[in-house]
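A.B. asks: Build me a model:
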Amino acid sequence: MKPNSPTRLALFDLDHTLLPLDSDYQWAEFLARTGRAGDPEIARQRNEDLMVRYNEGNLTAEQSAEFMLGLLSPHNPTDLARWHEDFMREMIWPAIQPNALALVRGHLEAGDLVAIVTATNSFVTAPIARALGVQHLVATEAEYIGGRYTGRILGTPSFREGKITRVQQWLATLGQSLADYPETWFYSDSMNDLPLLEVVSHPVAANPSDELRRIATDRKWRIIDLFSQLADQKS
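C.D. replies: Numbering: from 1, shown residues only. Here you go, the predicted model:
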């Protein structure tokens, strides 16, 4: 590593970790609601089915991409960018919570190298990462050819074990690897992220699913609940 480079690495999942929602699901819902995803009811049902399968651990990246990236390919990028601005204003900015921002800011102010590592595609998540103040994003990449999205994944999806591969690939572009960092954090809510949680020195179960909470408790991992106040307000 170069002199004065960060010696600590902090990685964050995005959906239900730094946000109290799933940005992929909400983007698809937004397109369906505004008539930009074909038949709205069919799109909503497909979106719901994918979310159920994801939560059950029965969804592959390819199955998700067939629908999620397929929502991009019929439209030109200019329209998509304009719609995404509306999506940010309506769905994402109101969902960003001060304690999530403070958690990220704490690592940034400590001089750590910080990245969001998410299975959701970079078209949806790049503006969200910027809104959270994070420069580096490791996300599933949507293939883009001839000025259009093709609806296919480019390279390794940032999902399950693929998150480790993609983090290593990203660090390699910086001339680094995970092994260069004596202290590494990964914050996640999901069992799908267990592979990356198991390779960092400081795994953190953030707003975890019931199954991940049990594992984190058994292994004495740190557990944080960023959005418990929201749950209290709804009860």
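A.B. asks: Could you use CA atoms for every contact and neighbour count after this?
C.D. replies: Fine.
A.B. asks: packing partners for the longest helix seen in the chain?
C.D. replies: In the chain, with assignment by DSSP state H, the single longest helix is helix 40-56. Counting contacts by 3 or more C-alpha pairs under 8 Å, 6 or more residues apart in numbering; DSSP states H and E, helix 40-56 packs against helix 23-33, helix 61-68.
A.B. asks: Report the buried residues of the longest one.
C.D. replies: By neighbour count, and taking 16 or more other C-alpha atoms under 10 Å as the criterion, the buried residues in helix 23-33 are 23-25, 27-32.
A.B. asks: Then stretch 126-139?
C.D. replies: Buried residues in stretch 126-139 (16+ other C-alpha under 10 Å): 126-129, 132, 134, 136-139.
A.B. asks: quick one: the helices in the protein?
C.D. replies: 23-33, 40-56, 61-68, 77-87, 98-109, 122-131, 161-173, 194-197, 210-219, 228-234.
A.B. asks: any chance of those in JSON lines, with distance to Y149 too?
C.D. replies: Converted to JSON lines, the helices of the chain look like this (distance: least, C-alpha to C-alpha, whole Å):
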{"stretch": "helix 23-33", "distance to Y149": "16"}
{"stretch": "helix 40-56", "distance to Y149": "19"}
{"stretch": "helix 61-68", "distance to Y149": "12"}
{"stretch": "helix 77-87", "distance to Y149": "8"}
{"stretch": "helix 98-109", "distance to Y149": "31"}
{"stretch": "helix 122-131", "distance to Y149": "10"}
{"stretch": "helix 161-173", "distance to Y149": "21"}
{"stretch": "helix 194-197", "distance to Y149": "29"}
{"stretch": "helix 210-219", "distance to Y149": "35"}
{"stretch": "helix 228-234", "distance to Y149": "36"}
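A.B. asks: out of these, nearest to R148?
C.D. replies: helix 77-87 (6.7 Å; C-alpha to C-alpha).
A.B. asks: between the closest one and helix 23-33, what angle do the directions make?
C.D. replies: 100 degrees (axes from the mean of the first three to the mean of the last three C-alpha atoms, to 10 degrees).
A.B. asks: I'd like the mean pLDDT over helix 77-87, please.
C.D. replies: Regarding helix 77-87, the rounded mean pLDDT is 97.
A.B. asks: quick revisit: Serialize the helices and strands packed on helix 40-56 to JSON lines and add fields for mean pLDDT and distance to L9.
C.D. replies: Converted to JSON lines, those look like this (pLDDT from 0 to 100; distance: least, C-alpha to C-alpha, whole Å):
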{"stretch": "helix 23-33", "mean pLDDT": "96", "distance to L9": "24"}
{"stretch": "helix 61-68", "mean pLDDT": "88", "distance to L9": "26"}
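A.B. asks: Show me the one of the ones you listed that comes nearest D225.
C.D. replies: helix 23-33 (18.8 Å).
A.B. asks: can you list contacts of stretch 177-186?
C.D. replies: 1, 7-13, 168, 171, 196-197, 200-204 (C-alpha atoms under 8 Å, 6 or more residues apart in numbering).
A.B. asks: how far away is the residue nearest in space to the middle of the chain from I42?
C.D. replies: Centroid check for the chain by C-alpha atoms, centre = their mean gives T118 as the closest residue, at 2.8 Å. For T118, the distance to I42 (C-alpha to C-alpha, to the nearest Å) stands at 26 Å.
A.B. asks: Contacts for stretch 79-95, please.
C.D. replies: Under C-alpha under 8 Å, 6+ apart, the answer for stretch 79-95 is 19-21, 23, 26-27, 30, 72, 124, 128, 131.
A.B. asks: ends of it, how far apart?
C.D. replies: Where stretch 79-95 begins and where it ends lie 23 Å apart, using C-alpha to C-alpha.
A.B. asks: Tell me the buried residues in that stretch?
C.D. replies: 80, 83-84, 87-88, 91-92.
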